[in-house]
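> coords please:
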Amino acid sequence: MFNVLITGITGMVGSHLADYLLENTDWKIYGLARWNDSLENIEHLSAEINSKERIELVYGDLNDLASLLAAVDKSKPGYVFHLAAQSYPQTSFDSPIETLQTNILGTTNLLEALRRSKYKEAVIHVCASSEVFGRVPKEKLPINEECSFHPASPYAISKVGTDLVGRYYAEAYGMKIMTTRMFTHTGPRRGDVFSESTFAKQIAMIEGGLQEPKIYVGNLESLRTYADVRDAVKAYYMLVTMNPIGGEYYNIGGTYTCKIADMLNYLISKSTVPNIEIVTDPERLRPIDADLQVPDITKFKAHTGWAPEIPFEKTMDDLLEYWRAKVKSGRKFLKR
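Sure thing, here's the model as predicted:
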């Protein structure tokens, strides 16, 4: 049995990864969390966490090296999935310094803690982002791993740093670190600051009588390629278990590509409320946008055999049902 350390276990991806590992492995999971993190995404694992048999929380912060050294010492990891980040592109325009510090220096702190420990030989996944590619000319689509970086937000800049720090530690210290640039991935538990999730939340609120029949939107012309988060975490598992090669970097993503407007129209078509109005909200528009996000996943597919399996429609249906259940539970939500 292996031990695995997941940073960001309380997020959408981290919680789904925990679900996948509990179901498909016998590994002992240690989830790094800050003391004030919301545990909503892992509430369904409360019994397992309380028993500490298969999953246990360790408290620490990416900006606190001492806490990371302690977390590594306690978890004794054979595998590490580094998913924790300030992960909201829109927020990064308001909080660029926090974003850069958490994502670049925080990643450095984690890898330094591992390098200094007895567990330097762990297989490590560093999660960057497709946002590193930023504004890509149409002639460069689909985007392969060698496409130049042109980040379009402080978040994207921070993920360029995350990507390069991971690759540096692999090359300089011989650590088995792989970096991924995951394209748009979504599903249940997706934060409401992302377009498809805020649309689904707004529809659920409209259906529940909590919002007038208007959906507030930003740029609907951007092109996105969607993957389901449950496919994404399977890809991450295959990344670290199928001949992992230190220093390698991979683009991962789905195969369903459409404009954000098309995704919105699909969600609206599933609503029980007719004639929902679409309203552009200037506050939801980015200063500049990574508007062509279409991945070439040939390299990762050739290395692992992974391919997305869950259809776009199921992903969106499940996301909408997730928000409907939250609204029906009687919880109150901000309109964002």
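
> list the contacts of the helix or strand encompassing Leu110.
Using DSSP states H and E, Leu110 falls within helix 106-116. Under the criterion C-beta atoms under 8 Å, 6 or more residues apart in numbering, residues 7, 62-65, 68-69, 71-72, 77, 80, 82, 84-85, 120, 122, 124, 126, 161-162, 165-166, 169, 173, 175, 177 lie in contact with helix 106-116. C-beta: built from backbone N, CA, C; applies to glycine.

> select only the buried ones of the residues you listed in ChimeraX?
The buried residues among the contacts of helix 106-116 can be selected in ChimeraX (16 or more other C-beta atoms under 10 Å) with this line:
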select :7,62,65,68,69,71,72,77,80,82,84,85,120,122,124,126,161,162,165,166,169,175,177
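
> out of the contacts of helix 106-116, list just those in helices.
Among the contacts of helix 106-116, DSSP state H puts Leu65, Leu68, Leu69, Ala71, Val72, Gly161, Thr162, Val165, Gly166, Tyr169, Tyr173 in helices.

> per-residue pLDDT, the fifth one?
The predicted structure scores Val72 at 98 on the pLDDT scale.

> pretty sure it contacts Ile124?
No: in this structure, Val72 is not within contact of Ile124 by C-beta atoms under 8 Å, at 11.0 Å.

> so where is the stretch 151-300 of the chain shaky, pLDDT-wise?
Counting by pLDDT under 70, the stretch 151-300 of the chain contains no low-confidence residues.

> and stretch 201-218, how far apart are its ends?
End-to-end distance of stretch 201-218 (C-alpha to C-alpha, to the nearest Å): 15 Å.

> how far is that stretch from where the chain is centred?
Counting by C-alpha atoms, centre = their mean, to the nearest Å, stretch 201-218 is centred 25 Å from the centre of its parent chain.

> next one: stretch 308-323
Worked out by C-alpha atoms, centre = their mean, stretch 308-323 lies 16 Å from the chain centre.

> give me the contact list for it.
Contacts of stretch 308-323 (C-beta under 8 Å, 6+ apart): 186-190, 196-197, 200-201, 203-205, 226-228, 230-231, 253-256, 258, 263, 266-267, 270.

> buried set for it?
So, applying 16+ other C-beta under 10 Å, buried residues of stretch 308-323: Pro308, Ile310, Phe312, Thr315, Met316, Asp318, Leu319, Leu320, Tyr322, Trp323.

> stretch 24-36 now?
Quick answer for stretch 24-36 (16+ other C-beta under 10 Å): Thr25, Trp27, Lys28, Ile29, Tyr30, Gly31, Leu32, Ala33.

> one more: stretch 327-336?
Buried, per 16+ other C-beta under 10 Å, within stretch 327-336: Val327, Phe333.

> do the same with stretch 114-123
Buried, per 16+ other C-beta under 10 Å, within stretch 114-123: Leu114, Ser117, Tyr119, Lys120, Ala122, Val123.

> wait, the third one sits on Lys76?
Going back to what we said before, that points to Tyr119. Yes: taking contacts as C-beta under 8 Å, Tyr119 lies within contact range of Lys76: 6.2 Å.

> anything in contact with each of the two?
If you check Tyr119 and Lys76 against C-beta under 8 Å, 6+ apart, no residue is contacted by both.

> let's verify the residue nearest to Thr257 when sequence neighbours are not counted: helix, strand, or coil?
Distances taken as C-beta to C-beta, 6 or more residues apart in numbering put Thr225 closest to Thr257, at 4.4 Å, once the chain neighbours are dropped. Assigned with DSSP: H, G, I helix; E, B strand; the rest coil, Thr225 falls in the strand class.
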